[in-house]
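> requesting a structural model of the entry that follows:
(one chain, ligands or ions: 1)
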Amino acid sequence: MTATLTFLGAAGGTVTGSKHLLEDGASRLLLDCGLFQGLKPLRLRNWAPPPVDPKTLQAVVLSHAHIDHSGYLPRLCRDGFAGPVYCTGGTLDLLRIMLPDAAHLQEEEAAFANRHRTSKHDPALPLYTVADADRVLARARRVAFGERFTPAPGVEARFTPSGHILGAGLVTCVIGGRRLVFSGDLGRYDVPIMVDPDAVAEADVLLVESTYGNRVHSPDDPTERLAAAVRRAVDQKGWLLIPAFAVGRSQEILHDLRALETKGTIPRLPVYLDSPMGIQATAIYASHTEEHDAALTALEADGIRPFAPRHLTLARTVDDSKRLNDAAGPGIIVAGSGMATGGRILHHLKRLLPDPRTTVLFVGYQAAGTRGRVLKDGATEMKMLGAVVPVRAQIMVSDAYSAHADREEILRWLGGFTRPPGMTYVVHGEPDAASSLRDAITSRLGWPAAVAEDGQRVSL
Ligand SMILES: [Zn+2]
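Numbering: from 1, shown residues only. Okay, the predicted model is just below:
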């Protein structure tokens, strides 16, 4: 039987739920095992019977730790998957904090539904539990970048750096003499902390992500807005609040603050990292020196901790966080969540948004409907934690931070192929982004390309 690939998620105009089934007569494995996130019809897909019998899968190969690529794994294990999960060391260390956290949220959601009787199911059950997440971690197999491994009979695989977040890999699988390359999530060129996406020379079939397939990132230096926000906090003797994702963005912000201090662009203010997951993720980023880019390695050689501004305090406990209520500005608080949908940043926003001396800097994408988006769009008051809070703080935005390659960067990476892929399937993009990238691939590179359809099965 010739090898086939079936797109089970992050296809047909969807970004989340990344899952691709690779099989031939002898082997059967999943590339990625992501959770569907976002609008309800998508989230309901996590509750549908698994699209493939988990007991028949021999392995899962994971491109990186983000929940939209890994967060269905606990459910897969609960439903009978008993094989190994292959990933890089960085990915595994991040999974150790991210999967139990995702499971904890599922358990809380079910408990909330039971308390408030908001579910038609009685009792409402979590999609999976922390024990299910632990089961995944027990199945994980750590593989170094560049190391060849055999996830299933007759399949040889390898990760190379994609530059997206710590541990993120491009996946190459050779099955039945055919070479499949999966971009996972593609990072950017010449950005701090992360190495550039690794060049790939050839593939018979290529899967390429298209999150920003129709957009180009702002060419601005993101640290300029960051420095401006810090200077305002200094001038106003107020607080700068930076809502940031715990994994990736928090480390970039800490790194950039340190760099701006070293250059003398900003004074050394007290900086508080008020996020238990952010604190753990920062330790993981710091410990994986094998993934640090040349600039980070040079800093470390000079004895500088690259993720530590001079006056950094880690607020681990709730009491640590509450103690910030009594501290006087100017100072900087970095806390989750990145879109202000939850987490410790909410308490600080509730307390400090009414104060005109406060500055809030958004450093990531703010999805429609989130508090972050409402603030970014200029709300003058907002409901949070049971109160109506007037917004007198200055709201600032730095749009130039992103962990995803934009359209030009994706095309630059594709330009590294020395032999055009026999076929390129565009995945992991909203409909306009995916089709726009497909058009660019066919017109600029002259390669055959198609947007992967949801559920579509193709031959390799
Ligand atoms: Zn990702």
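
> got the residues of the chain near the ion?
Taking Cβ under 5 Å from the ion as the contact definition, the chain meets the ion at H66, D185. Yep, even glycine has a C-beta here, placed from its N, CA and C like the rest.

> for the chain, which helix is longest?
Longest helix in the chain, counting residues (DSSP state H): helix 89-116.

> just the residues contacting stretch 93-104, thanks.
Applying Cβ atoms under 8 Å, 6 or more residues apart in numbering, the contact partners of stretch 93-104 are 35, 62, 65-67, 70-71, 73-74, 87, 126, 128-130, 132-134, 136-137, 140, 165-167, 247, 277, 280-281, 284, 287-288.

> which single residue of the stretch 101-250 of the chain ends up nearest the ion?
D185 (3.7 Å; Cβ to the ion).

> and the helices in the stretch 301-450 of the chain?
318-323, 345-352, 371-376, 407-414, 431-440 (DSSP state H, counting those that start in this stretch).

> any idea how far the longest helix of the chain is from the chain center?
With Cα atoms, centre = their mean, to the nearest Å as the basis, helix 89-116 stands 15 Å off its chain's centre.

> next SSE downstream of that helix?
helix 130-139 (DSSP states H and E).

> tell me which residues of that following helix come out buried.
Within helix 130-139, the residues that count as buried by 16 or more other Cβ atoms under 10 Å are V130, D132, A133, R135, V136, L137, R139.

> give me the angle between the longest helix of the chain and helix 130-139.
Helix 89-116 and helix 130-139 are oriented at 170 degrees to each other (axes from the mean of the first three to the mean of the last three Cα atoms, to 10 degrees).

> please report how far the residue nearest the centre of the chain lies from S250.
Compute the mean C-alpha point of the chain, and by Cα atoms, centre = their mean the closest residue is H66, 4.4 Å away. In this view, H66 and S250 are 14 Å apart by Cβ to Cβ, to the nearest Å.

> so the nearest residue to V334 once chain neighbours are set aside, which of the three states?
Once flanking residues are discounted, V334 sits nearest to I242: 4.8 Å by Cβ to Cβ, 6 or more residues apart in numbering. Here I242 is recorded as strand under DSSP: H, G, I helix; E, B strand; the rest coil.

> tell me where the model's unsure across the stretch 1-150 of the chain.
For the stretch 1-150 of the chain, no stretch is flagged by pLDDT under 70.

> can you give me every residue that contacts the closest residue to the ion within the stretch 1-150 of the chain?
Closest residue of the stretch 1-150 of the chain to the ion, Cβ to the ion: H66 (3.5 Å). H66 makes contact with G34, M98, I165, D185, V247, according to Cβ under 8 Å, 6+ apart.

> CSV for those residues, including secondary structure and neighbour count?
Output for those, formatted as CSV (DSSP: H, G, I helix; E, B strand; the rest coil; neighbours: other Cβ atoms under 10 Å):
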residue, secondary structure, neighbour count
G34, coil, 27
M98, helix, 22
I165, coil, 26
D185, coil, 27
V247, coil, 25
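
> for the residue of the stretch 351-460 of the chain found nearest the ion, grab the count of nearby residues.
In the stretch 351-460 of the chain, the residue found nearest to the ion is A403; the distance is 6.7 Å by Cβ to the ion. Counted by other Cβ atoms under 10 Å, the residues lying close to A403 total 24.

> got it, and the one 4 residues further on?
For R407, the neighbour count with other Cβ under 10 Å is 18.

> does P219 count as helix, strand or coil?
Assignment for P219 (three-state DSSP): coil.

> give the closest residue to it in space, chain neighbours not counted.
Using Cβ to Cβ, 6+ apart, the closest residue to P219 is A400 (7.7 Å).

> wait, that neighbour sits on R225?
Yes. Counting by Cβ atoms under 8 Å, R225 is a contact partner of A400 at 7.4 Å.

> now do whichever helix or strand R225 is part of, average pLDDT.
In the assignment (DSSP H and E), R225 maps to helix 222-236. Across helix 222-236, the average pLDDT comes to 97.

> buried sites along that helix?
P222, T223, R225, L226, A227, A229, V230, R231, R232, A233, V234, Q236.

> equivalent analysis for stretch 8-17, please.
L8, G9, A10, A11, G13, T14, V15, T16, G17.

> distance of the first one relative to G34?
Right, L8. 10 Å.

> which residues are common contacts for those two?
In contact with both L8 and G34: G17, K19, using Cβ under 8 Å, 6+ apart.

> so of the buried residues of stretch 8-17, which ones are in strands?
L8, G9 (DSSP state E).

> between the buried residues of stretch 8-17, which sits nearest P49?
L8 (12.2 Å; Cβ to Cβ).

> need the contact list for the closest one.
Contact analysis of L8 by Cβ under 8 Å, 6+ apart lists G17, K19, H20, L21, L30, P51, V52, G455.

> contacting residues for the closest residue to it other than its chain neighbours?
The shortest distance from L8 to any non-neighbouring residue, by Cβ to Cβ, 6+ apart, is to K19 (4.0 Å). By Cβ under 8 Å, 6+ apart, the contact list for K19 reads F7, L8, G9, A10, L30, L31, D32, C33, G34, P51, Y72.

> the first one reaches H20, doesn't it?
Yes. Look at F7 against H20 with Cβ under 8 Å: they come within range, at 5.8 Å.

> tell me the residues that contact both of the two, please.
By Cβ under 8 Å, 6+ apart, the residues touching both F7 and H20 are V427.

> the nearest residue to M384 once chain neighbours are set aside and V374: what is the separation?
Excluding the flanking residues, the one nearest M384 by Cβ to Cβ, 6+ apart is K350, at 5.3 Å. Note on K350: its distance to V374, by Cβ to Cβ, is 14 Å.

> what does R78 give?
36 Å.

> what's the answer for G416, then?
As judged by Cβ to Cβ, G416 and V374 stand 41 Å apart.

> between the two, who's got more neighbours?
V374 (17 against 11).

> for that one, give me its contacts.
M382.
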